[in-house]
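# Got a predicted structure plus its sequence, pasted below:
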Amino acid sequence: MINEFKHLLCEEMKKNILYIVMASVFLMLAILCQDAIAQDFASRVKSDRQIACGVYHPYHHGDLADTPAPKGYKPFYISHFGRHGSRYHTTVRYFAAALEALEKADSADALTTKGRHLLEDMTIVNAVHQGMEGELSPLGGREHQAIARRMYQRFTPVFSSKERNEVRCASSTVNRCIVSMANFSQSLASCSPELDFQFFTGDKYYAYIANKGPLHKEVSNYASHFTDSLRRSICTFDKLLASVFVSKEAADTLVKNPIDFVRSVYMAGSICPDLNYMEIFPIENPSGRHIDLFEYLDDEELLPQIQANSSWMYCHYGNSAECGEKIVLNACKLLSIILEEASAAVEKGSMRAADLRFGHDTGILPLLGLIGVEGMTERRPSDKSWEFWTTYDRIPMATNLQMIFYRNKKDEVLVKMLYNEQEVTIPALVPASGPYYEWNELYRYLNQKSLINNQL
C-alpha cells in the first residue's frame, strides 16, 4: 500500500514538474514573440524612416482587390467617413522648444555645422506654417481626389444610375475638412457630371463628426499624463544634443528641457512629408532642397518618439484597455446618423447614391472601435501599444471607412466594409459570404452598438 502511494505521489510530482516546464516554455515563447514584434516594428522604422511620421504620415491604402459579390448583386449606395488629407501642423508651438534653443545657441556661436543646418531647416518649416496652421496641404487635396476616383472606378454602378444621382456631403467646420470635401466631390463630379451634390457644415455637424463628447477631457488628461511619463522613460536625446551643440555645457545651458527639444525636432520632421517642397516652399526655400528633419535623429532616438506618439493616440482615441470603453461612446451619435441615412437610402424611391462625411482622427478612430472592425476589437494596455497597433498602419492622413451597399432583383441587400479602401470584416458578426454582410443583421448589430451610450 505504501509503495503504491509512493508511486502515485511520484507520478503526480512528475505531472506538476511537466506542467511547470510547459508553462515556463510557453512564457518564454510569449516573451520571445513579444520581443520579435517589437523588433519587427523597429526594423520597419529603420528600413523606412517615414513610418515614424505616424498619424501625420501621408495617406496609404491597403489591398484594392474586391471579393466578387454573390451572383446577382450590384452596388447601389455608399456610406463614407474620411479623415481630412495631409495638412500643416495645427500649431507652430510644436517647433518652439527647438527653435528657441537653436536661435540662442546661434547667437552665442554655440552650434556645430550640423546644428546650423538644423536651425536653417527648422526655420524654413516654421516659416511655411505662418498663416497656414492646420490647413490642408496640396498633397492632402490630391489624396482625396484619388480616393474619389478609385471609389468611382471600383463601384461605377453607384454613380451611373438614372434613379440615384444625389450625393450628400457633410463636413466638420474646420477648414481642412471642408477643403477635403471640396477636393473629393470635385473629383467625383469629374467622373460623373450627372451627380447632384449637396453640401452641409456647421456646429450641428461638427458635434457628431468631430466626436468630442463629455468624457473627452477626462480621457485627454489621462492620455497626456500617461504619455508624458512614457516619453520620459523611453526617449533619449544625448546624441542629438552632442551633434548640434559645440559642447555639453552649451547644451545644458541653452536647452531648458532636452525631452521637449528632441520632441520638437521630431514633430517638425513628422509633418515634412505632407508638404510638397516645390509647391509651397518656393519663397522660404528657393533652392527646392529636400528637407528631412529625421536625418538629425538616429534610430535609437527616432524610434521612441513614434512609440510615444502611437501610444498617446491609442490611449486617447483607440480602443485601449484604459480609455476605450469611454472614448467609443463619442462615436454613438455618428454611428446612429450613419445608420439613419443608410436606412433611408436603402428604401425604394430614394435618390441617394452616397453619403460622404469629412472629419478628423478624433471621429474615425472611436467609430472603428465602436463598430469593432478587425484589428480594432481587443482592448489592450497602452504601454508598448506599438507592438500590436501603430498610427502609421491605423490612422494616416485621409484614413477612411466605406460601407458599400449591394442589392439583387429580390431587393435583398448586402453590405461590405472598406477600411482605407481594403476589405475588412467584423469578428463579432458572421458574414453572409466573404466580406459581405446581410444588411438587416448588420443593422441590428450596429444599432445596438449606437445605443450603448443610452445604456450606461
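Ah, there it is.

# what about the closest residue to residue 314 other than its chain neighbours, how many neighbours?
Counting by Cβ to Cβ, 6 or more residues apart in numbering, residue 314 lies nearest to residue 385, which is 4.2 Å off, once chain neighbours are set aside. Where you see a C-beta, it was placed from the backbone N, CA and C, and this is true even at glycine. By the criterion of other Cβ atoms under 10 Å, residue 385 has 22 neighbours.

# and residue 385, what is it in contact with?
If a contact means Cβ atoms under 8 Å, 6 or more residues apart in numbering, then residue 385 has 310, 311, 314, 315, 318, 320 as its contacts.

# Please name the nearest non-neighbouring residue to the fourth one.
In this structure, residue 315 finds its nearest non-sequential neighbour in residue 382, 3.8 Å apart by Cβ to Cβ, 6+ apart.

# The one you found sits in which helix or strand?
For residue 382, there is no helix or strand it lies in under DSSP states H and E.

# and it, how many neighbours does it have?
Residues near residue 382, counting by other Cβ under 10 Å: 25.

# got it, and residue 303?
24.

# quick one: average pLDDT of the helix or strand it falls within?
Secondary structure assigned from DSSP H and E places residue 303 in helix 299-317. In this model, helix 299-317 carries a mean pLDDT of 95.

# got the phi/psi numbers for the residue nearest to residue 315?
Main-chain dihedrals, residue 382, degrees, to the nearest 10: phi -80, psi -20.

# which residues touch it?
223, 226, 311, 314, 315, 320, 321, 322, 323.

# swap the cut-off to 7 Å and go again
226, 311, 314, 315, 320, 322 (Cβ atoms under 7 Å, 6 or more residues apart in numbering).

# Over to residue 380?
Shown in contact with residue 380 (Cβ under 7 Å, 6+ apart): 320, 321, 388.

# Kindly list the longest strand within the chain.
If you go by DSSP state E, the chain has its longest strand at strand 74-83.

# what number of residues lie near residue 65?
Residue 65, neighbours per other Cβ under 10 Å, totals 7.

# Give me the distance between it and residue 326.
36 Å (Cβ to Cβ, to the nearest Å).

# just to revisit the earlier point, if I look at the residue nearest to residue 315, how far off is residue 329?
From residue 382 to residue 329 the distance is 18 Å (Cβ to Cβ).

# Same check on residue 440?
Residue 440 is 25 Å from residue 329, by Cβ to Cβ.

# Show me which of the two is the more surrounded one.
When residue 440 and residue 329 are compared for neighbours, residue 329 comes out ahead with 21 against 11, by other Cβ under 10 Å.

# Would you state the predicted confidence (pLDDT) at the more buried one?
For residue 329, pLDDT reads 90.

# so what's residue 66 up against?
residue 154.

# pLDDT below threshold where in the chain?
1-39, 277-289, 453-456 (pLDDT under 70).

# one step back: on contacts alone, who are the packing partners of the longest strand of the chain?
helix 332-346, strand 352-359, helix 361-371, strand 400-407 (3 or more Cβ pairs under 7 Å, 6 or more residues apart in numbering; DSSP states H and E).

# who does the very next helix or strand once past the last one pair up with?
Following the chain from strand 400-407 toward its C-terminal end, the next helix or strand by DSSP H and E is strand 413-419. The partner list of strand 413-419 in its sheet, established with DSSP bridges, is strand 400-407 (antiparallel), strand 422-424 (antiparallel), strand 437-438 (antiparallel).

# Looking at those, spot the one closest to residue 79.
Among these, strand 400-407 comes nearest to residue 79, with 4.2 Å by Cβ to Cβ.

# What angle do strand 74-83 and the closest one make with each other?
Interaxial angle, strand 400-407 versus strand 74-83 (axes from the mean of the first three to the mean of the last three Cα atoms, to 10 degrees): 160 degrees.

# now strand 400-407: how far from the chain's centre is it?
Mean C-alpha position of strand 400-407 versus that of the full chain (Cα atoms, centre = their mean, to the nearest Å) differs by 20 Å.

# quick one, that strand and helix 332-346 angle?
30 degrees.

# Any chance of the contacts of residue 382 in TSV with distance to residue 211 and neighbour count as columns?
Below are those laid out as TSV (distance: Cβ to Cβ, whole Å; neighbours: other Cβ atoms under 10 Å):
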residue	distance to residue 211	neighbour count
226	20	20
311	21	27
314	16	30
315	16	27
320	16	27
322	18	20
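
# Kindly indicate which of those residues lies nearest residue 248.
residue 311 (30.0 Å).

# what about the closest one, distance to residue 105?
31 Å.

# try residue 407
From residue 407 to residue 105 the distance is 66 Å (Cβ to Cβ).

# care to break this structure down by domain?
Domains of the chain are assigned by automatic domain parsing as 2-47, 55-455.

# what's the most buried one of the ones you listed?
domain 55-455 (a mean of 19; mean count of other Cβ atoms under 10 Å).

# Could you check the angle the longest strand of the chain makes with helix 361-371?
130 degrees.

# want to throw the contacts of residue 382 into TSV with distance to residue 422?
Below are the contacts of residue 382 laid out as TSV (distance: Cβ to Cβ, whole Å):
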residue	distance to residue 422
226	30
311	24
314	20
315	25
320	23
322	28
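
# which element is residue 169 on?
Here residue 169 is assigned to strand 166-171, by DSSP H and E.

# Give me the helices and strands touching that strand, please.
In terms of contacts (3+ Cβ pairs under 7 Å, 6+ apart), strand 166-171 is packed against helix 175-191, strand 196-201, helix 203-209, strand 352-359.

# picking up where we left off before, just after the longest strand of the chain, pick out the following helix or strand.
Assigned by DSSP H and E, the successor of strand 74-83 is helix 93-107.

# Give me the contact list for that following helix.
111, 115-116, 118-119, 122, 125-126, 245, 250, 254-255, 257, 260-261, 264-265, 267-268.

# 6 Å instead, please
111, 119, 122, 126, 254, 255, 260, 261, 264, 265, 267, 268 (Cβ atoms under 6 Å, 6 or more residues apart in numbering).
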